[in-house]
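Undergrad: next comes the sequence, and after it the predicted model I'd like to discuss.
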2 protein chains.
Amino acid sequence: MQPARRLYRRESEENRRSALIAATQELVAEGGPEAATVRAIAERAGVTPGLIRHYFQSKDELNRAAYRTLMDGMTAKGADAIEGVGAGPEERLAAFIAASLRPPVLDAGAVVLWAGYMHKVRSDADLLAVHEAGYLAYRDTLQRLIETLPRAPTPGQTRREAIACNALIDGLWVEGSLLPGAFAPGEVVTIGLVTVGAILGVDLMANTALLPEFGRMPT
Amino acid sequence: MQPARRLYRRESEENRRSALIAATQELVAEGGPEAATVRAIAERAGVTPGLIRHYFQSKDELNRAAYRTLMDGMTAKGADAIEGVGAGPEERLAAFIAASLRPPVLDAGAVVLWAGYMHKVRSDADLLAVHEAGYLAYRDTLQRLIETLPRAPTPGQTRREAIACNALIDGLWVEGSLLPGAFAPGEVVTIGLVTVGAILGVDLMANTALLPEFGRMPT
DNA sequence: TCGGTCTTTATACATATGTATAACAGGACC
DNA sequence: GGTCCTGTTATACATATGTATAAAGACCGA
């Protein structure tokens, strides 16, 4: 009697690719790049290792896809945050910032995943382009939100402000995710809003009652 | 005739340990954690692989030592920056910030090295403690510098400001290192100083003529 | 100059890793 | 129900990796 050959279902290419990408991301988030071996990825995705090379030319290509998906997802979440929010410029900016500084964006796994790909960003021109595009997309969204504020900026000012606000959010994102115990609940969001307000000379805390961290408005 | 056994010199324990740690850091900075194999580390340090386990109980222990050394070095560089600088509070703060935002601190290798250890920070309680200590040491230095400014802060204000300034500097450090082409020369330092100034309500650009980015004072 | 110590090298080993190739079988189509 | 395509598994392979152990030789003191 032979050892039974494993049963399986055929799946669409899209399903398989996204399952493999998700498995890769989970493993990198949990244990760093070295934990994402072809065998571990396959097991997590519920397939056998050979299938990886059916959908991706190499493990490196799978990693590139995983990084692209990560960056796309982060920018998409940012765009979602300003959908359906009231039209006030300060309100929209505050919603965008707050969304970047609380779960699911503020998440240790996401930070570790992002960090795990950092060296590949340096050595792989393809990934560097992805990184740069993602960074600039986020910064541009920020800059456009800043431009809608009722102010009269000097030339180049909004660019520098967008860079600064982006850096601030990045830094809070990393430390808030990695050391959640070092901050009070909602403190990271508060600091983000207050500080961006100080940088831009506006008050972003005026409508904080709309944000979950600060309770809800009485109806 | 036997293949000649390799000649060697005996070295002090301190020399060997630091050489192995430096080799580990270089390799992680260049190619990520997976590039730092025992064989590669040994070759870079000019020894044979077996010696690693003479000085470190395991590869993990070497990695821990490498991370500790990294964090210690970063905080030491910050402390150096405010040594021998004039006594003006704004001046000292500006020097501290500027030092964090230009080489050798602003360096892609340093960022990749730091990022390469991030997942170990999460999974290893020992490294988490090192990370937290390094983060808080830097932030405390910042907070103390902020407290020397001629202002009357409300309770908790300097803490929040220190967190914000730290996050800003971190973010600028990462993006400035990873995408040097995205910023004009000296722009990262300028944005750091202007923005921290806006956060704290002081002018840190008053003495910028002392900083190398902006040329030297006429004698 | 000669032992003795212990740093350093050399070798071995079990396992893990990415990749290549062939066999199998699910499911669509006639 | 039979046929064929190809998604999927199974197996093999060369190499890389961390670790363990023994042998060797560099340097110190006499």
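TA: Cool, got the structure.

Undergrad: straight-line length of stretch A:80-96, end to end?
TA: 9 Å (C-alpha to C-alpha, to the nearest Å).

Undergrad: ok, stretch A:196-204 next?
TA: Start-to-end, stretch A:196-204 (C-alpha to C-alpha) is 8 Å.

Undergrad: for that stretch, the averaged confidence score.
TA: The average pLDDT for stretch A:196-204 rounds to 96.

Undergrad: and what of stretch A:147-157?
TA: pLDDT averaged over stretch A:147-157 gives 90.

Undergrad: stretch A:38-58 now?
TA: Per-residue pLDDT over stretch A:38-58 has a mean of 98.

Undergrad: could you export it as PDB, CA atoms only?
TA: What follows is stretch A:38-58, C-alpha atoms only, in PDB (Å, rounded to 0.1, in the frame of the first residue of the first chain):
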ATOM      1  CA  VAL A  38       9.800  28.100   0.800                       C
ATOM      2  CA  ARG A  39       8.700  25.200   2.900                       C
ATOM      3  CA  ALA A  40       7.200  27.400   5.700                       C
ATOM      4  CA  ILE A  41       5.400  29.600   3.100                       C
ATOM      5  CA  ALA A  42       3.900  26.600   1.400                       C
ATOM      6  CA  GLU A  43       2.700  25.000   4.600                       C
ATOM      7  CA  ARG A  44       1.100  28.300   5.700                       C
ATOM      8  CA  ALA A  45      -0.600  28.700   2.400                       C
ATOM      9  CA  GLY A  46      -1.800  25.100   2.500                       C
ATOM     10  CA  VAL A  47       0.200  23.900  -0.600                       C
ATOM     11  CA  THR A  48       3.400  22.000  -1.200                       C
ATOM     12  CA  PRO A  49       6.700  23.800  -1.800                       C
ATOM     13  CA  GLY A  50       6.900  23.100  -5.500                       C
ATOM     14  CA  LEU A  51       3.800  25.200  -6.200                       C
ATOM     15  CA  ILE A  52       5.600  28.300  -5.300                       C
ATOM     16  CA  ARG A  53       7.800  28.000  -8.300                       C
ATOM     17  CA  HIS A  54       4.800  27.300 -10.500                       C
ATOM     18  CA  TYR A  55       3.500  30.800  -9.700                       C
ATOM     19  CA  PHE A  56       6.700  32.700  -9.100                       C
ATOM     20  CA  GLN A  57       9.900  32.400 -11.000                       C
ATOM     21  CA  SER A  58      11.900  32.300  -7.800                       C
END
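
Undergrad: for the nearest residue to residue A:131 once chain neighbours are set aside, what are its contacts?
TA: Setting aside the residues directly before and after it, residue A:131 is nearest to residue A:121 in space (C-beta to C-beta, 6 or more residues apart in numbering or on different chains), at 4.6 Å. In this view, the C-beta of every residue, glycine as well, is placed from N, C-alpha and C. Residue A:121 sits next to A:67, A:127-128, A:130-131, B:178 when contact means C-beta atoms under 8 Å, 6 or more residues apart in numbering or on different chains.
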